[in-house]
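Engineer: got a sequence here, can you model it:
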Amino acid sequence: MNIAIFGAGSIGCYLGGLLAEAGANVTFIGRERFKSELDTHGLTLTHFERDEIFIPAAKFTFSLDPSDIASADVILLTTKSQHTADAAKTIDEYAKNNALIISFQNGVRNPEVLRDELSSQSVLGAVVPFNVTGTGPARFHCGTEGDLTVEHITDERLSILEEKFAQAGQGMAMTKDILAVQWGKLLVNLNNAFNTLSGGTLKQGLLQRDYRRALALVVEEGLQVARGADIEPAAFGKADAAKMIKVLRLPNVIYKIIMNKIVKIDDAARSSMLDDLEMGRVSEIDYLQGEIVQLAEKTGQVAPYNLIIYRLVIQAFSTGSSPKLSGHEIYTALK
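Structural biologist: Presented below is the predicted three-dimensional model:
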C-alpha cells in the first residue's frame, strides 16, 4: 500500500516517519527546507516516553512535486487548515479515483471542505491528540500522549494503517462520530493560543493558576457555544471538557498532584501555533477560537472570551513575536 503525506511539516513528518519505520511505502510531499533536511540527515523521531526512532533517507521518498500523490492508495493530509481548499484542488487533479484521503488537521471543517471538492475519493476526518515540535534538522519531538482517532468506514486500508502505526508503537482508534471527537480536541486545543501568548512551554503556562482560570473561561464558553449549536463534544483523552474545566480551576497544590494523571506533558512541549509565530507562518487561530466566535455568531450566541483571545493572537502575529503574557495578565485581559 502506497502512502503519501501531503503537507509534510512537523505532524506530517512524525506520522509518516512512524509508518516508514513500520515498513510502509511512504512518500512525503512538502517544502524544500524539509526535503533538504530529511535527504541529508534521515528522519529522527523522539518521544517523551518512548525510545528514539531513526529512519534513514533510503526508507522513504521526499518530493516537492504534488503530482507524486498519483500513486498513493492513502493520502494523509497534514497541511495547515487555511491551505485545505488548495490541497483539495491538487488532490482532485492528481489522486487516484479510489484513493483514501484522511484529514489529520486541526479544526472541524476540513473534511467538509475536501468533500465539497472531491467526488471520486473517500474523505475521512481524523484527530491527532499529541503535540509535535521540530527540535533540529529533520528531528521531531512528540511531547504529549494519546492515540490517533480516525473516522471509521469498512476499508482494508484502514486496518493496514492501524497495524502499521501499532508496529511503530502508536495507537490508532476508529469512531463513527468524528465530529464529536474533533470538537473535543478543538476545546483542548484552545490552549494553543494561550501558549502563543505566554511564549513558554505548555507546562510553564498550566502551572500558573490564573493561566488555567483564564483557559477554563474560554473552554467553558466554547463548550456552551457548541451545545447551543446542538453539538456535544466527545471526551478527549482521559477527561471530557466539563471535567477539564473543573480541574483547571483547582488550586495549584492540588493541580500539581493530579496533572500528570490527566495528561502527560513533556517539560519542553510547546504548541504548533507558537512555532508558527516564531517562524513567520500564518496562524490557525481562525480554526480554533475563531471557529467558536463564528459558530456563536451563526447561532445567535456570543463568545466574548474567545473573541478577546482571538484578537490578542492576531495582534501577536501582526508583530511577529509573542507578547509573553503571564497567566495573571491573560486572566486580567478577560476579566
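Engineer: pLDDT below threshold where in the stretch 151-300 of the chain?
Structural biologist: Counting by pLDDT under 70, the stretch 151-300 of the chain has low-confidence residues at 238-239.
Engineer: now Ile231, what's its secondary structure?
Structural biologist: Look at Ile231: counting by DSSP: H, G, I helix; E, B strand; the rest coil, its state is coil.
Engineer: residues contacting it?
Structural biologist: 179-180, 183 (Cβ atoms under 8 Å, 6 or more residues apart in numbering). C-beta coordinates here come from the backbone N, C-alpha and C atoms, glycine included.
Engineer: save the residues you listed as JSON lines, and put in distance to Ala20 too.
Structural biologist: Formatted as JSON lines, these follow (distance: Cβ to Cβ, whole Å):
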{"residue": "Leu179", "distance to Ala20": "30"}
{"residue": "Ala180", "distance to Ala20": "31"}
{"residue": "Trp183", "distance to Ala20": "31"}
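Engineer: does the spatially most central residue of the chain sit in a helix, a strand or a coil?
Structural biologist: For the chain, the residue sitting closest to the mean C-alpha position, by Cα atoms, centre = their mean, is Asn106 at 4.6 Å. Three-state call for Asn106 (three-state DSSP): coil.
Engineer: over to it: give its phi and psi.
Structural biologist: Per-residue torsions, Asn106: phi -70, psi 160 (degrees, to the nearest 10).
Engineer: so which of the contacts of Ile231 wins on neighbours?
Structural biologist: Trp183 (27 neighbours; other Cβ atoms under 10 Å).
Engineer: surely that residue is within a strand?
Structural biologist: No: counting by three-state DSSP, Trp183 falls outside a strand, being helix.
Engineer: show me what contacts the residue nearest to it when sequence neighbours are not counted?
Structural biologist: Leaving aside its sequence neighbours, Trp183 sits nearest to Pro233 (Cβ to Cβ, 6 or more residues apart in numbering; 3.8 Å). By Cβ under 8 Å, 6+ apart, the contact list for Pro233 reads 180, 183-184, 186-187, 223, 226, 240-241.
Engineer: who does the longest helix along the chain touch, helix- and strand-wise?
Structural biologist: Longest among the helix segments of the chain by residue count, using DSSP state H, is helix 209-228. Judged by 3 or more Cβ pairs under 8 Å, 6 or more residues apart in numbering; DSSP states H and E, helix 209-228 is in contact with helix 178-189, helix 191-198, helix 241-248, helix 252-262, helix 289-298, helix 304-319, helix 327-334.
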